[in-house]
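S.K.: Just the structure for this:
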Amino acid sequence: MLTRRTFALSFAAASALLALPARAAEEIPYTAAAFDAAQKAGKPIVIVVHASWCPTCRAQKPILAKLEDDPMFKNVVVFHVDFDSQKDALRRFGVRMQSTLIAFKGRKETSRSVGETQEQPLASLFFATL
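M.R.: Here you go, the predicted structure:
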């Protein structure tokens, strides 16, 4: 049986979760079909190639989250490619290392970065999609 206090705490926790802001940029796992559809629609795209074991990828993560939360990049579609399991995507984009980011404006690649962990260059990559 729920007590008033348990109910109130549960309600407060659920409300806090629902109040979390949504990401401005759309972040989705990479599939060839989803990427092709986004390109065909002319959407701004950032490909993020990451590996769970990569210290550079871990350093990039909070910076990318901040950029993805920026309303300026609300139309950017961010595809995440797993370096260890999505070898077909690595071949498609000519990626040789984890921590690679690639910007597209529709079908055209506009910028590429490997191993960058500073906010300004990563922001420039996002700007290259606009």
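
S.K.: which ones are touching the nearest residue to residue 54 once chain neighbours are set aside?
M.R.: Closest residue in space to residue 54, ignoring its immediate chain neighbours: residue 98 at 4.6 Å, by Cβ to Cβ, 6 or more residues apart in numbering. For glycine as for every other residue, the C-beta is placed from the backbone atoms N, C-alpha and C. With contacts defined as Cβ atoms under 8 Å, 6 or more residues apart in numbering, the neighbours of residue 98 are 49, 50, 51, 54, 56, 57, 83.

S.K.: try 6 Å
M.R.: 49, 50, 51, 54, 57, 83 (Cβ atoms under 6 Å, 6 or more residues apart in numbering).

S.K.: Which of those ranks first by neighbour count?
M.R.: residue 49 (25 neighbours; other Cβ atoms under 10 Å).

S.K.: before we move on, what SS does it have?
M.R.: Under DSSP: H, G, I helix; E, B strand; the rest coil, residue 49 falls in the strand class.

S.K.: Make 34 the first number, not 1, from now on.
M.R.: In the new numbering, first residue 34, that becomes residue 82.

S.K.: Please tell me how far it sits from residue 71.
M.R.: From residue 82 over to residue 71 the distance is 16 Å, taken as Cβ to Cβ, to the nearest Å.

S.K.: how about low-confidence regions in the protein?
M.R.: In the predicted model, the chain carries pLDDT under 70 at residues 34-57.

S.K.: returning to that earlier point: possible to save the contacts of residue 131 as JSON lines with distance to residue 123?
M.R.: Listed next are the contacts of residue 131 as JSON lines, based on distance: Cβ to Cβ, whole Å:
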{"residue": "82", "distance to residue 123": "7"}
{"residue": "83", "distance to residue 123": "12"}
{"residue": "84", "distance to residue 123": "11"}
{"residue": "87", "distance to residue 123": "14"}
{"residue": "90", "distance to residue 123": "14"}
{"residue": "116", "distance to residue 123": "7"}
